[in-house]
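**Q** Can you look at this prediction? I've put the sequence above it.
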Amino acid sequence: MSYVEMHPENPQARFVTRAVDLIRKGGVIALPTDSGYAIACALGNKAGMDAIRQIRKLDDKHNFSLLCHSFAQLGELVIVDNSQFRTIKALTPGPYTFILPGTKEVPRMTLNKKKHTVGVRIPDHVITQAIVAELGEPLLCSTLIMPGDEDPLIDGFEVDDRIGSLIDLVIVGPVGTAGATTVVDYTDGAGRIARRGAGDYSLFE
């Protein structure tokens, strides 16, 4: 069976453990988040990154994001100044991805080659949070937008139909909203909207 159905409010511990075990062994999973489905693997898993690129037909310039459990975990991965800290703290957990300079905790191959930045997000989603909490480290992920599509997949059974044979596990559960995350780019210090998606982004306009 390439998928499991997780309870949206009380994710079954055995399924959470199964997903985490697969991730630790180098597996790739698809999971619901607060803004559509994401496809994910362990931080530093080059084969997993290549598999995600292959499924989504991405080049090596694609920016991956790190799914974090908490603000404390996020703070170990990226360099955040005081004003950015206040803004991100106010918007998380939620459907936002923030692009910031990475710290030495982030594998070089995960960073943007030119800018040495990485996307980070803290999803407001019980299933995602349960998996990242048990894993004990961030998940490397990409929004599951298939080639030719404009929006992320939102139905776990459709995800299983389309890519279930290409990955190790599909977690079936409800997503928060149908759209992708709003991406806020802090590369130049000031936050600017790089992609309009879910959540209120009036603060940056």
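**A** Here it is on my side, so go on.
**Q** Do you have the strands of this protein handy? List them.
**A** Along the chain, the segments classed as strands by DSSP state E run 3-5, 29-32, 37-42, 65-67, 96-101, 117-121, 139-143, 169-172, 182-185, 192-195.
**Q** Pipe the ones you listed into a markdown table and attach mean pLDDT per row.
**A** Below are the strands of the chain laid out as a markdown table (pLDDT from 0 to 100):
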| stretch | mean pLDDT |
| --- | --- |
| strand 3-5 | 94 |
| strand 29-32 | 97 |
| strand 37-42 | 97 |
| strand 65-67 | 96 |
| strand 96-101 | 95 |
| strand 117-121 | 95 |
| strand 139-143 | 95 |
| strand 169-172 | 97 |
| strand 182-185 | 93 |
| strand 192-195 | 90 |
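**Q** Tell me which of these approaches residue 74 most closely.
**A** strand 117-121 (5.1 Å; Cβ to Cβ). C-betas here are computed from N, CA, C, even on glycine.
**Q** Determine the set of other helices and strands touching the closest one.
**A** Judged by 3 or more Cβ pairs under 8 Å, 6 or more residues apart in numbering; DSSP states H and E, strand 117-121 is in contact with strand 65-67, helix 71-77, strand 96-101.
**Q** Just put those in CSV and tack on distance to residue 150.
**A** As requested, the helices and strands packed on strand 117-121 are exported to CSV (distance: least, Cβ to Cβ, whole Å):
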stretch, distance to residue 150
strand 65-67, 18
helix 71-77, 28
strand 96-101, 17
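**Q** residues touching residue 71, list them.
**A** 88, 89, 92, 122 (Cβ atoms under 8 Å, 6 or more residues apart in numbering).
**Q** Tell me how many other residues surround the last one.
**A** Going back to what we said before, that points to residue 122. 27 (other Cβ atoms under 10 Å).
**Q** Write down the beta-bridge partners of residue 30, one by one.
**A** For residue 30, the beta-bridge partners under DSSP bridges are residue 39, residue 170.
**Q** just the helices and strands packed on strand 117-121: most buried one?
**A** Comparing the helices and strands packed on strand 117-121 by mean neighbour count (mean count of other Cβ atoms under 10 Å), strand 65-67 ranks first with a mean of 25.
**Q** That one pairs with which strands?
**A** With DSSP bridges as the test, strand 65-67 is paired with strand 117-121 (parallel), strand 139-143 (antiparallel).
**Q** Residues touching it, excluding its own?
**A** Outside strand 65-67, the residues that reach it (Cβ under 8 Å, 6+ apart) are 33, 38, 40, 43, 74, 77, 97, 106, 110, 118-123, 128, 132, 138-143.
**Q** again, only this time at 7 Å
**A** Strand 65-67 has contacts (Cβ atoms under 7 Å, 6 or more residues apart in numbering) with 38, 40, 43, 77, 97, 118-121, 123, 128, 132, 138-142.
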